[in-house]
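Undergrad: One predicted model, sequence on top.
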Amino acid sequence: MLTFSKKNKVTAYIGMAVFAVVLAVLPFIMGATLGNTWVRNLDLAMLYIMLALGLNIVVGYAGLLDLGYIAFYAVGAYVYALLNSPHLVPLLAGTGFEWILHMPLLVVLPLAALMAGLFGVLLGSPTLKLRGDYLAIVTLGFGEIVRLFMNNLDRPINITNGPQGVNLIEPVSLFGHKFSQAITVFGVEFRSVHLYYYLFLALALMIIVVSIRLQSSRIGRAWVAIREDEIAAQAMGINTRNVKLLAFAMGASFGGVSGAMFASFQGFVSPESFILMESIVVLAMVVLGGMGHIPGVILGAILLFLTPEVLRDVVNPLQDKLLGERVVNPENLRMLLFGLALIFVMLVRPEGLWPSKRRKAELHEKDEKAAAEAAEKESAHG
Amino acid sequence: MTLARYSLIASAVVALTACGNKEETPAAETAAPVSATAPGDVVIKIGHAAPLTGNIAHLGKDNENGVRLAIDELNTENVEIGGKKVKFEMVSEDDQADPKTATTVAQRFVDAKVAGVIGHLNSGTTIPASKIYSDAGIPQISPSATNAAYTQQGFKTAFRVIANDIAQGGALGEFAATTLKAKKVAIIDDRTAYGQGLADEFEKAAKAKGVTVVGREFTTNQATDFMAILTTIKGKKPDIIFYGGMDAQAGPLTQQLKKLGVSAKVIGGDGFQTGEYIKLAGDNAEGQYASQPGMPKDKMPGFGAFNEKYKAKFNTDIQIYAPFTYDATRVMVAAMKKAGSSDPAKYLPEMAKTDYAGVTGPIKFDAKGDILGGNVTVYQVKNGVWEAVATVGGAALAPAAAPAPAPADAAAPAPAEAPK
Amino acid sequence: MDIFIQQLINGLVVGSIYALIALGYTMVYGILQLINFAHGEIVMMGAMITISAISVLSATGIGLPGPVLVVGGLLIAMPITMLIGFIIERIAYRPLRNAPRLAPLITAIGISIVLQQVAVLVWKNNPRSFPDLLPHEGHNFFGAVITDLQIVIVALALLIMVGLLVMVEKTKLGRAMRAVSMNQAVAGLMGVNINYVISMTFVIGSGLGAIAGVMVGANYGLAYPTMGFMIGLKAFTAAVLGGIGNLGGAVAGGILLGIIESVGAGYLGPLTGGVLGSHYQDIFAFMVLILVLVFRPSGLLGERVAERA
């Protein structure tokens, strides 16, 4: 991945430098050729990369299937939204707690991560004993519970503003500059979408670095051990409870960061942005890309993010031309392809599109074993 | 709507306005729909956003047709703005009824430097998008978003030509108290932004009229079983039951009410003033009430002529909001003419001063951008069809016959606007 | 008091619907230890196909009586859902029998999405009204109301449970099922055709799913492509509550969950001063699920321990 043998070190550094330059000018190229809408899409893609990397820790590293991951995204989004909008002002008026509003980004962001992490532990602790599909169902339920509470905590005391969502969320403000305003540096105009791009890029890079460091750390190896065989891991002296909780907390906090950024970027959050389908989409990004493999997960996030745009560009004109009317709705087609892709990848390439070598080897070893078994059975029957 | 919500990955929607009409197949983005644009003409782009795919695509298409009709007419009228001949062009985008997509669409409009935006259709998309328009200083007129919060954000660019939920909830509350003489009501909402918003406004209005709210129950927009909450309500013996939500739930809810032997009437908003409701509720739909902002179509001053033009052009029936999008487009262009400029900064002040006699009735805006005297019509199912029974609100009954614009101050404020 | 009885009846009816669907989950889980996520979608398919079949049947103009039409529609829908169930198992589950446990779960989600979207393609998004053909005369029961159809639903849930129990205990196929569920490898060695048994389980489960779908559609008067997911999830909860893999447990769990929901939605609001009310109705199922899995993973009647290392 990002480790290179000494021979290639120079080329690797050059490659990385080129890559960095490309990343830096990408929004301007996109903006010039395709319009700022695509820069906005780029920003949203970054959010999904962060989300997918967070889920990758839980699912990819620790092997715990989480179908309620979007709940942490929601927690992060609401933490940011409530602390940076006028919504809580009447509730806090006269309580002496007004100071919690409008805190600087460097306080709010860790706070969102922390809150999401706490929710991660909250989810993790009762489900420690559960494995596989039971865990999946319970996390799914947890995700729905979080969403339902957000949708209903407007009464008796209005905390989340219920289904109406929280509006008028302030944009990120860094070094005294509000991200909603353009800024000109050395004659180059950085618009709001550009500023968010660099912020999201920085956060995504940070999450990538943390992910890489975690992977090869003691904890990362403990996660892999649990994923492969929990009992054996326990026998080797790994405190499975703490290590699992840590996986939930870490994954959740990444989701929380992403959610907080989503809230500031959109300026509006409502519970309908955090439905179950979103958890499944993020899971699909991880699974399709390659569980446990960072470049794979990033690839998965980008691919799944791009599909609807491409589909809409292609499907509708094609139908208009060939049939003269719209029979298939591109959104419908997207979900259909999405379902088929999940099935297809699991059957044909369970390691994902861009797997780590280790994972690939593991899965294929199993395949070989299975094939051998099947052959054995055949001969036994015959 | 579910599908639209699924759309997690916020999407850049490409303007595909290609419509069913063969003569107009080229997408609006690339070609002005009417005749040839003479070189030298100034082209003014007007954005339109609504869900053009998914559950309520038929409503989105209807909105788009209203804008298209207005623009095609304007282009044959040789409109001059600031002494120059201009042509108008519609840029239509699909927001999928999804908040995230809506903000992307809004950004696209800003990129495309549209002079103004007609849209969006849903409140859930209109509100987040309005911030982007406000930041860019582009005037926006929603033809159909009724959530009160839209115009309460303090944005100077936000307008709407339809009565909001405060007016609708208020009108329903007043109707329940005065016409139906209800003493006790029970309220159910589906915990969506629309259903809850409307139910809250109804509750306020009903209480203000001295009606007792005996129960407030909740369901979801995915539910089919309402027996538990209806049983609770049955025990409280209300005179009428208000439901804030859509037809897909209102239908079975009405049926289950009958099963429990409750004879109280169901009343609600535009969410189930639809043919679908009558289908789903079956015989039990008979006698139930629901409202729709605006006057009944046959009472709208210019509806007859509009309906003919619309049918001739699109060969289909008007769904709901086409007259409103048509008026919204006309209002926007009228402001440009007055200001002598299509520059948003220049014609925006004129928009606020609008006094226009539209197809749907007289249009004037209050300080927030809401329509003054927007009225609401209550319908009842009679012999299997919705029939208008009362129009409540501002300039309601006066212009039924003549399209005379209401005198400047006559337009009373929308009912129940005060309590907010 | 009549209100309380009515809530119990409401719970009994909705619980019987959960039970009907839960039987399908529990059969598959008992044999494969797999959550067949797509079962809710089979239920939806059953309802949607029946509606279409009824409209075709009534278009023939023979003028059949209502119940006959519904049964006719169901008889057309059942073989189709059985075929769908059979195909799902062949394509999405069988090749993954030896794969990591995550894999079949993900394909199950995939199948679920595909079925839902196919239904949207065929029937569009809007709800379809279920033709009003079955008698739903209301009967007074201590001041509460129960309709004919609701009585049929409750009876059907019990009847099908008994039928399945007889099949599992008394028939050759049932014995094979029990064998496969205990130990696949050994059952195979004993000459049980594992693939056949598993296929049959899916076929029977999917047929039951169609019946459940028709009951849901007829009782609520409508069906729509996204109806399967939530009801499937709740039915799964019911199966876990009763003890997954246990047929009697599925029915007991379903009815118990139905009553918890009804009574919860009806009385929790006043009890908590409006803090928790009917807006949390959907949470009860998830709460029950989490509590059961944490404190009694074997469920009410189950013997198997849920945790498998």
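TA: Cool, the structure landed. Residues are numbered from 1 along each chain as shown, chains lettered A, B, ... in the order given.
Undergrad: which stretches of the stretch 101-250 of chain C form strands?
TA: C:128-129, C:138-141, C:144-147, C:222-223 (DSSP state E, counting those that start in this stretch).
Undergrad: Run through the neighbouring helices and strands of the first one.
TA: Taking 3 or more C-beta pairs under 8 Å, 6 or more residues apart in numbering or on different chains; DSSP states H and E as the contact definition, the neighbouring helices and strands of strand C:128-129 are strand C:222-223. Just so you know, the C-beta spots here come from the backbone N, C-alpha and C atoms, and that holds for glycine as well.
Undergrad: that older thread, right, so the strands of the stretch 101-250 of chain C: which one is the most enclosed?
TA: Among these, judged by mean count of other C-beta atoms under 10 Å in any protein chain shown, the one packed with the most neighbours on average is strand C:222-223 (a mean of 26).
Undergrad: Direction included, what does that strand pair up with?
TA: If you go by DSSP bridges, strand C:222-223 pairs up with strand C:128-129 (antiparallel).
Undergrad: got the contact list for residue A:291?
TA: Shown in contact with residue A:291 (C-beta atoms under 8 Å, 6 or more residues apart in numbering or on different chains): A:56, A:59, A:60, A:297, A:351, A:352, A:355, A:359.
Undergrad: Name the residues of the top helix by length along chain B that come out as buried.
TA: Assignment by DSSP state H gives helix B:57-76 as the longest helix of chain B. Within helix B:57-76, the residues scored as buried using 16 or more other C-beta atoms under 10 Å in any protein chain shown are B:57, B:59-75.
Undergrad: For residue B:100, report the pLDDT, please.
TA: Per-residue pLDDT puts residue B:100 at 80.
Undergrad: Now for it, how many residues are close by?
TA: The tally of other residues near residue B:100 (other C-beta atoms under 10 Å in any protein chain shown) stands at 23.
Undergrad: hmm, back to that, next step: the contacts of residue A:291 restricted to helices.
TA: For these, secondary structure assignment (DSSP H) places A:297, A:359 in helices.
Undergrad: nearest to chain C, of the contacts of residue A:291?
TA: residue A:59 (7.9 Å; C-beta to the nearest C-beta).
Undergrad: Quick check: closest non-adjacent residue to whichever residue of the stretch 151-300 of chain A sits closest to chain C.
TA: Here the residue of the stretch 151-300 of chain A nearest chain C is residue A:152; by C-beta to the nearest C-beta that distance is 4.5 Å. Nearest-residue entry for residue A:152: residue C:279, 4.5 Å, with adjacent residues in sequence omitted and distances by C-beta to C-beta, 6 or more residues apart in numbering or on different chains.
Undergrad: Check residue C:5 too.
TA: residue C:144 (4.2 Å).
Undergrad: Can you give me the pLDDT of residue 12?
TA: Since no chain was named, I'll use chain A. 84.
Undergrad: that's the wrong chain, I meant chain B
TA: Predicted confidence (pLDDT) for residue B:12: 31.
Undergrad: Need the three-state assignment for residue A:248.
TA: The three-state label given to residue A:248 by DSSP: H, G, I helix; E, B strand; the rest coil is helix.
Undergrad: hang on, the earlier thing: which helices and strands sit right next to the following helix or strand past the longest helix of chain B?
TA: The first helix or strand that comes after helix B:57-76 along the chain, using DSSP states H and E, is strand B:80-81. Counting contacts by 3+ C-beta pairs under 8 Å, 6+ apart, strand B:80-81 is packed against helix B:322-339.
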